[in-house]
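A.B. asks: Give me a 3D structure for the following:
(chains A, B and C)
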Amino acid sequence: MTARAYPDTVDEVVSLQAPQVIAGEKLPREFYARHGLEVAPELLGMILVHETPEGTTAGRIVEVEAYIGPDDRACHAFGGRRTRRNEVMWGPPGHAYVYFTYGMHHCLNVVCAREGMPHAVLVRGMEPVVGIELMAARRGLGEWAGSGGHGSTATPANDDGTGRDLPAGEHTRRLRELWHRLGAGPARLCQAMGITLAQNGADLVRGPLYIIRPASAPVTAVAASPRIGIDYAGEARDYPWRFYVPGSPGVSRPARTRDGRAAPGTRQAGEESQSAR
DNA sequence: TATAAGATTGGCT
DNA sequence: GCCAATCTTATAT
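C.D. replies: Residues are numbered from 1 along each chain as shown, chains lettered A, B, ... in the order given. Down below sits the predicted model:
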């Protein structure tokens, strides 16, 4: 039983890019001014938007992780550490905490809770909604998403350059893979959205980087798992503070469970369902 | 000033 | 599955 259907046709993708999907209310300060564990799952399905001189990009958030302050060993503010890097976490809610890591990657967090209480939600995965070609260009995948070239419904990855239609299954596989490469993972997402340290501290309630509640396409299923990449965090590594939309191609990787097996609903881009189908 | 590690990704075995 | 890339940040001399 699938919780949500993912695009099988070009038309469905086009409809997902339609303006009404991003027509919605910008999330107010009060939305963010709550405990990180309360905000995190509610961010799933919301639309992250970034307006830049290059153009506007937007994506549907499908994977997040909560980092909840001085007592959370995985949190940058663990132990009450207040540094130049994490300073924004300590400020008022509704701002972007962007940090640079591994010498090349940026990660976006949404600051929650109250000023002086460093909660943040890491945005780890999205499904591209607006500006897919710009995202692809930023990610160095221009040839993947270049304008299709024929027909008014030309969309990313629907064209093999021969002018012929692709088989339906192959089409779906390519779409899932493109979406995965554009939005699955905190650093991929930032690169696609044009988010860098320049956005660190940005006010999500006032500026060109913001999150809206979509007028349609609500999330129908939420799964939880341990957070990714925090083996250093002691027993906190097992806390189920990662939230994601099962089956979405925008989810970065399978859940890690205590016994090391992949959890349900974490199929990767382009994968076919293993079970009933 | 020096050193180690990182809320990752992509390429190769 | 393993490992290099690449450099800011945090922390220890």
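A.B. asks: so where's chain A uncertain?
C.D. replies: Across chain A, the ranges flagged by pLDDT under 70 are A:1-21, A:146-166, A:168, A:217, A:256-277.
A.B. asks: can you do 80?
C.D. replies: A:1-23, A:143-172, A:216-220, A:254-277 (pLDDT under 80).
A.B. asks: in what helix or strand does the nearest residue to residue A:130 once chain neighbours are set aside lie?
C.D. replies: Nearest residue to residue A:130 in three dimensions, chain neighbours excluded: residue A:58, at 3.9 Å (CB to CB, 6 or more residues apart in numbering). Where you see a C-beta, it was placed from the backbone N, CA and C, and this is true even at glycine. Using DSSP states H and E, residue A:58 falls within strand A:55-68.
A.B. asks: and that strand, is it in reach of DNA strand B?
C.D. replies: Yes - judged by CB under 7 Å from any atom of the strand, strand A:55-68 comes into contact with DNA strand B through A:65, A:67.
A.B. asks: okay, now the residue nearest to residue A:130: neighbour count?
C.D. replies: Neighbour count of residue A:58, defined by other CB atoms under 10 Å: 24.
A.B. asks: cool, residue A:204 as well?
C.D. replies: Neighbour tally, residue A:204, other CB under 10 Å: 23.
A.B. asks: quick one: strands adjacent to the strand holding residue A:58?
C.D. replies: strand A:47-52 (antiparallel), strand A:119-130 (antiparallel), strand A:242-244 (antiparallel) (DSSP bridges).
A.B. asks: most tightly surrounded among these?
C.D. replies: Per residue and on average, the most neighbours among those fall to strand A:119-130, with a mean of 27 (mean count of other CB atoms under 10 Å).
A.B. asks: Pull out the buried positions in the strand or helix carrying residue A:99.
C.D. replies: Secondary structure from DSSP H and E places residue A:99 in strand A:96-101. Across strand A:96-101, burial judged by 16 or more other CB atoms under 10 Å covers A:96-99.
A.B. asks: could you dump those to CSV with distance to residue A:28?
C.D. replies: As requested, those are exported to CSV (distance: CB to CB, whole Å):
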residue, distance to residue A:28
A:96, 16
A:97, 19
A:98, 21
A:99, 25
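A.B. asks: now, which of those residues sits nearest residue A:112?
C.D. replies: Comparing those against residue A:112 with CB to CB places residue A:97 closest, at 10.0 Å.
A.B. asks: Quickly list what the closest one is bridged to.
C.D. replies: As for beta bridges, residue A:97 partners with residue A:109 under DSSP bridges.
A.B. asks: Report how many residues lie close to residue A:143.
C.D. replies: Neighbour number of residue A:143 under other CB under 10 Å is 8.
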